[in-house]
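Engineer: Could you look at this predicted model? Sequence included:
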Amino acid sequence: MKIYEIKELSDEDLKQRLIDETESLENLRFQRSIGQLENFKSIQNTKKLIARIHTILKERKSSTEKQKSDNK
């Protein structure tokens, strides 16, 4: 998922996607530990996606807080 695709999602969708990706990362780590994981790059890609989602959520939170402080 590209960054522009992530930015198009709503906050609720991002939070749900974050939960899903975190569960996916747990499953990938489990598969790696028992030797069933064939694509080790998928762990790295999932971690990057989780970081991107966190970044977008923080950017939105800081922009809303800034707007509130500007209105005062």
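Structural biologist: Everything's here; your move.

Engineer: CA only for contacts and neighbour counts going forward, please
Structural biologist: Noted.

Engineer: Now do the buried residues in the longest helix that the chain contains.
Structural biologist: Secondary structure of the chain read by DSSP state H shows that its longest helix is helix 41-71. Buried positions in helix 41-71, judged by neighbour count with 16 or more other CA atoms under 10 Å: 43, 46, 49-50, 52-53, 56-57.

Engineer: list the helices and strands it packs on?
Structural biologist: helix 3-8, helix 11-33 (3 or more CA pairs under 8 Å, 6 or more residues apart in numbering; DSSP states H and E).

Engineer: Turn these into CSV, columns for distance to residue 70, mean pLDDT and mean neighbour count.
Structural biologist: Output for the helices and strands packed on helix 41-71, formatted as CSV (distance: least, CA to CA, whole Å; pLDDT from 0 to 100; neighbours: other CA atoms under 10 Å):
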stretch, distance to residue 70, mean pLDDT, mean neighbour count
helix 3-8, 23, 91, 12
helix 11-33, 22, 96, 15
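
Engineer: so which of these gets nearest residue 68?
Structural biologist: helix 11-33 (17.8 Å; CA to CA).

Engineer: Check which helices and strands that closest one sits against.
Structural biologist: Using 3+ CA pairs under 8 Å, 6+ apart: helix 11-33 touches helix 41-71.

Engineer: so for the helix it packs on, what's the average pLDDT?
Structural biologist: The predicted model assigns helix 41-71 a mean pLDDT of 91.

Engineer: Give me the angle between it and helix 11-33.
Structural biologist: 150 degrees (axes from the mean of the first three to the mean of the last three CA atoms, to 10 degrees).

Engineer: mind checking which of the helices and strands packed on helix 41-71 is nearest residue 66?
Structural biologist: helix 11-33 (17.2 Å).

Engineer: What is the distance between that closest one and the centre of its chain?
Structural biologist: 8 Å (CA atoms, centre = their mean, to the nearest Å).
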